[in-house]
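Colleague: sequence and predicted model, in that order:
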Amino acid sequence: MFGQAKLPPVKFSYTNQLNSDWLIYQPQTSQFSLYIPEYHGQVGALYQWVNIRPDKPFRINFTAKKDLCIFLNNKLIFAADSAATYALDLADLVVTNKLGQAQTSRYLLCLWHPTEQPNLSTFRNEGDIKISATSPQQKNTIVNQYRSSLNYNAFIIFLLLIGLIYGWLRTTYTSDFRSLFSLSNFLRRSALDEGFLAKPISSWSSVIFIIAFALSFALIIVAIHTNIQNIVIFNRLFSVSEADITSKILFYTILIFSFILFKYLFLSVMGYTFDLTALVSLQYREFIRTLLFFGMFLPLIMVLYLALNTTMPQTVLLISTLAVSGILIITVLRIFYTLNKKVSLRNLHLFSYICATEIIPLIILLKLIVFNY
């Protein structure tokens, strides 16, 4: 921050209004120069001279990432505690912070972020915002109209594709389908030695089952993230296009499929490290069985999302989040239970192995998928 005594005079034609003339500080000359994005690139601090009349409102709206700070005359007046859209009255802050009492005074407005450049395109005078906050009823109308504009075609197409895959699997691989999705088999530990679970990832049917699960899980993850991004109340980001949704679904599908395949390699390495290679096969088979069994219910969550997301977005978001968290947590608990039946996990060495192979990865996945926003 820099004192006004060192700054060159600037002409004004605005009172209680932002303008497009943002400045950057040149330490070599101790002066400001006009900010030109194409020339200066990304900068962490941007400035603007503003005329403020404390007796008149000076309201601005902007979208900020966490830790964005706003200064007036080198005094901190705002710090964003989360990524959201904010509304400030600079005139009111001048009075609150006792920055000046004159009828009209010139102030140095500074936007600063420790790691990124502030998003200048979102800083607007309240009068420039077409959609303004008025009555609660109008707010709800705006939210519903905004949400209804979201294109769900990508979700619907992929959901139909999942239905076709499961239908084809049930018709073509009837015995594998029944052994996998039968509740009685799911509750029997001996079922792990039957069907394709005896040798997972050894047949085309098992690969297709995993692809169907990966696609279902990817749909839910993208739905959760898109839901957060498009809720006006949260004001996280802007609308997500259909192309973005499609690419994200495909990306997450490949990522989840690869994760399931490399899980066996990871378990093999950890089993060798802990000298517990005898548990690797059983642990991986239980991992596959539990994921695929509960993955069968993910399309139902997706149908609920498509049906109620417009009218009950927060409820649907909560249900989707709980579904994802529940599958991950239950899978770890099932693995713990199955391994404990074979070898007592009260041994500290075995418990450390479970922590390294299941609990720590679970915490990381929950952080990345559920608590990332």
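Modeller: Everything's here; your move. Residues are numbered from 1 along each chain as shown.

Colleague: sketch out the strands for the stretch 1-150 of the chain, chain order is fine.
Modeller: 23-26, 31-34, 45-52, 59-64, 69-72, 75-79, 84-89, 105-112, 124-125 (DSSP state E, counting those that start in this stretch).

Colleague: out of those, nearest to residue 178?
Modeller: For residue 178, the closest of the strands of the stretch 1-150 of the chain is strand 84-89, at 49.0 Å, according to CB to CB. Backbone N, C-alpha and C define where each C-beta goes, glycine included.

Colleague: in that closest one, what's buried?
Modeller: For strand 84-89, burial by neighbour count (16 or more other CB atoms under 10 Å) applies to 86, 88.

Colleague: likewise for stretch 276-293?
Modeller: Buried residues in stretch 276-293 (16+ other CB under 10 Å): 276, 279-293.

Colleague: mean confidence for that stretch?
Modeller: Averaged over stretch 276-293, pLDDT sits at 90.

Colleague: mind giving me the domain ranges of this protein?
Modeller: Following automatic domain parsing, one finds the domains of the chain at 4-132, 143-369.

Colleague: show me where pLDDT drops low in this protein?
Modeller: 1-14, 100-104, 127-151, 189-198, 226-243, 371-373 (pLDDT under 70).

Colleague: mind listing the helices for it?
Modeller: With DSSP state H, the ranges of helices along the chain come out as 37-40, 90-96, 136-148, 153-172, 174-181, 183-187, 204-230, 242-274, 280-295, 298-308, 313-342, 348-354, 360-369.

Colleague: so which of these is nearest residue 61?
Modeller: Ranking those by proximity to residue 61 (CB to CB) places helix 90-96 first, at 11.8 Å.

Colleague: deepest-packed of the domains of the chain, please.
Modeller: Mean neighbours per residue, mean count of other CB atoms under 10 Å, is largest over the domains of the chain for domain 143-369, with a mean of 16.

Colleague: if we can go back for a sec, reformat the helices of the chain as a markdown table; add distance to residue 47.
Modeller: Converted to a markdown table, these look like this (distance: least, CB to CB, whole Å):
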| stretch | distance to residue 47 |
| --- | --- |
| helix 37-40 | 13 |
| helix 90-96 | 14 |
| helix 136-148 | 33 |
| helix 153-172 | 42 |
| helix 174-181 | 62 |
| helix 183-187 | 63 |
| helix 204-230 | 30 |
| helix 242-274 | 34 |
| helix 280-295 | 53 |
| helix 298-308 | 44 |
| helix 313-342 | 38 |
| helix 348-354 | 54 |
| helix 360-369 | 37 |
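
Colleague: closest one to residue 59 among those helices?
Modeller: Closest of the helices of the chain to residue 59 is helix 90-96, at 7.8 Å (criterion: CB to CB).

Colleague: now that closest one, how far from the chain's geometric center?
Modeller: Relative to its chain's centre, helix 90-96 lies at 34 Å (CA atoms, centre = their mean, to the nearest Å).

Colleague: stretch 248-266 too?
Modeller: Computed by CA atoms, centre = their mean, the chain-centroid distance of stretch 248-266 equals 18 Å.

Colleague: same check, this time on stretch 78-89
Modeller: For stretch 78-89, the distance from its own C-alpha centre to the chain's C-alpha centre is 19 Å (CA atoms, centre = their mean).

Colleague: endpoint to endpoint, it covers what distance?
Modeller: 11 Å (CA to CA, to the nearest Å).

Colleague: residues in contact with it: which ones?
Modeller: Contacting residues not belonging to stretch 78-89 are listed as 57-70, 77, 93, 122, 126, 133, 234-236 [CB atoms under 8 Å, 6 or more residues apart in numbering].

Colleague: next one: stretch 256-264
Modeller: By CB under 8 Å, 6+ apart, the surrounding residues in contact with stretch 256-264 are 200-201, 210-211, 213-214, 217-218, 280, 284, 287-288, 291.

Colleague: and for stretch 276-293?
Modeller: Contacts to stretch 276-293, defined as CB under 8 Å, 6+ apart, come from residues 180-181, 186, 191-192, 197-198, 200-201, 206, 209-210, 213, 260, 263-264, 267-268, 271, 327, 330-331, 334-335, 338-339, 342-343, 350, 353, 357.

Colleague: got it, and stretch 302-309?
Modeller: With contact meaning CB under 8 Å, 6+ apart, stretch 302-309 is reached by 147, 152, 155-156, 159, 216, 219-220, 223, 227, 315-316, 319-320.

Colleague: could you rerun that using 6 Å?
Modeller: The contact list for stretch 302-309 (CB atoms under 6 Å, 6 or more residues apart in numbering) reads 152, 159, 219, 223, 316.

Colleague: OK, contacts around the third one?
Modeller: Pointing back at residue 219 there. Listed by CB under 6 Å, 6+ apart, the contact set of residue 219 reads 158, 302.

Colleague: relative to residue 213, how far out is it?
Modeller: Remark: distance between residue 219 and residue 213 (CB to CB, to the nearest Å) = 11 Å.

Colleague: quick revisit: closest one to residue 250 out of the contacts of stretch 302-309, please.
Modeller: residue 219 (10.9 Å).

Colleague: on that earlier part again, out of the contacts of stretch 302-309, which comes closest to residue 42?
Modeller: Of all the contacts of stretch 302-309, residue 42 sits closest to residue 223, with 32.1 Å by CB to CB.

Colleague: look up how far residue 119 lies from that closest one.
Modeller: Distance of residue 223 to residue 119, computed by CB to CB: 26 Å.

Colleague: ok, now residue 73?
Modeller: Counting by CB to CB - residue 73 and residue 119 are separated by 23 Å.

Colleague: same check, this time on residue 336
Modeller: Going from residue 336 to residue 119 by CB to CB gives 45 Å.

Colleague: quick check: bridge partners of residue 52?
Modeller: Note on residue 52: beta-bridge partners by DSSP bridges are residue 105.

Colleague: contact partners for residue 268?
Modeller: Residue 268 touches residue 280, counting by CB under 6 Å, 6+ apart.
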